[in-house]
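>>> Kindly generate the corresponding structure for this input.
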Amino acid sequence: AGIFAAAGQTCIAGSRVFAHRQVYDELLEKVAARARSIVIGDPLEAATELGPLAFAAQQEKVGSYVELGVSEGAKVLTGGRRPEVDLPGYFYAPTVLTDVDNSMRVVREEIFGPVAAVMPFDTEEEVLQLANDTSYGLAAGVWTQNLAPAHRMARRLEAGTVWVDTYRAMSPMSPRQGFKSSGVGIEHGLESMNEYTRLKSVWINTDEGPVADPFVMRS
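You can find the predicted model right below:
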């Protein structure tokens, strides 16, 4: 749901996946298997899970980023190509990249396509440093069976929205704000109304007596 929904064409796409080394291999296998099983087709059909990209230039961009990643040393575990679909449209297969690190352009830059880069980590401090090492800060997801690290991560992740054990959950009643280079202002919630106001303070002295001497302590 984080990266392959809407073919990755969402501003909150979870394109960087950090998995603890203890579960990295198992998670990678399951994510890749799910990516291969995604039903690609006409978005108007109920069975379709992944439709085309918006336009030809975007398809070319996604493909060029995957090629760039490979040139940087990444490995394509699955996808990395235009699928064989007997339909018009700019399709690109769900793609999982491994052997990547946070310094690669394919990881650092926004692809806006169905491409996930999966990286291992060992400690909480390490993954926080990796997650926050980005110019973006719109959304993040934390998956854990322990509520204590969930609270610690949610507090320290530099993202306007943090989901715990879910992703892409939204409500017009819940405000959204991007950090760093992500977003402008606040959307949704009562807090968004403040974006259309200007704060002004007006002080009026209603005392009919003379103006108080500013150098005399008031009782």
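
>>> For the longest strand seen in the chain, which strands pair with it and how are they oriented?
If each strand of the chain is counted by residues according to DSSP state E, the longest one is strand 115-121. Within its sheet, and counting by DSSP bridges, strand 115-121 is paired with strand 16-20 (parallel), strand 95-98 (parallel).

>>> for the longest one, what is the average pLDDT?
For strand 16-20, mean pLDDT rounds to 97.

>>> From the chain's centroid, how far away is the helix or strand hosting residue 26?
With the criterion set as DSSP states H and E, the secondary-structure element containing residue 26 is helix 21-37. Chain-centre distance of helix 21-37: 20 Å, with Cα atoms, centre = their mean, to the nearest Å.

>>> Mind giving me the packing neighbours of that helix?
Secondary structure elements in contact with helix 21-37, counted by 3 or more Cβ pairs under 8 Å, 6 or more residues apart in numbering; DSSP states H and E, are strand 16-20, strand 75-78, strand 95-98, strand 115-121. Quick note: C-beta positions are derived from backbone N, CA and C, even for glycine.

>>> and it with strand 16-20, angle?
Angle between the axes of helix 21-37 and strand 16-20 is 140 degrees (criterion: axes from the mean of the first three to the mean of the last three Cα atoms, to 10 degrees).

>>> any idea of the mean pLDDT for the helix or strand following helix 21-37?
Sequence order places helix 56-72 as the next helix or strand after helix 21-37, per DSSP H and E. When pLDDT is averaged along helix 56-72, the result is 98.

>>> Show me what counts as buried in helix 56-72.
Across helix 56-72, burial judged by 16 or more other Cβ atoms under 10 Å covers 58-59, 61-63, 65-66, 69, 72.

>>> who does that helix touch, helix- and strand-wise?
Contact partners of helix 56-72 among helices and strands, from 3+ Cβ pairs under 8 Å, 6+ apart: strand 75-78, strand 95-98, helix 105-108, strand 115-121.

>>> residues making contact with the last one?
Residues outside strand 115-121 that contact it (Cβ atoms under 8 Å, 6 or more residues apart in numbering): 2-4, 8, 14-21, 24, 27-28, 31, 35, 62, 65-66, 69, 74, 77, 79, 95-98, 100-102, 104, 106-107, 127, 130.

>>> again, only using 7 Å
The set of residues that contact strand 115-121 without belonging to it, under Cβ atoms under 7 Å, 6 or more residues apart in numbering, is 3, 8, 15-21, 24, 28, 31, 62, 65-66, 95-98, 100-101, 106-107, 127, 130.

>>> relative orientation of it and helix 56-72 in degrees?
30 degrees.

>>> Would you indicate which residues of the helix or strand just after strand 115-121 are buried?
The first helix or strand that comes after strand 115-121 along the chain, using DSSP H and E, is helix 124-132. For helix 124-132, burial by neighbour count (16+ other Cβ under 10 Å) applies to 127-128, 130-131.

>>> re the thing from before, give me whichever of the helices and strands packed on helix 56-72 is most buried.
Among the helices and strands packed on helix 56-72, ranked by average contacts under mean count of other Cβ atoms under 10 Å, first place goes to strand 95-98 (a mean of 24).

>>> chain center to it, what's the gap?
Taking the mean C-alpha point of strand 95-98 and that of its whole chain, the gap between them comes to 17 Å (Cα atoms, centre = their mean).

>>> Could you list the low-pLDDT ranges of the protein?
219 (pLDDT under 70).

>>> quick one: which of the helices and strands packed on helix 56-72 is nearest residue 183?
Put simply, out of these the one that sits nearest residue 183 is helix 105-108, at 18.1 Å, with distance taken as Cβ to Cβ.
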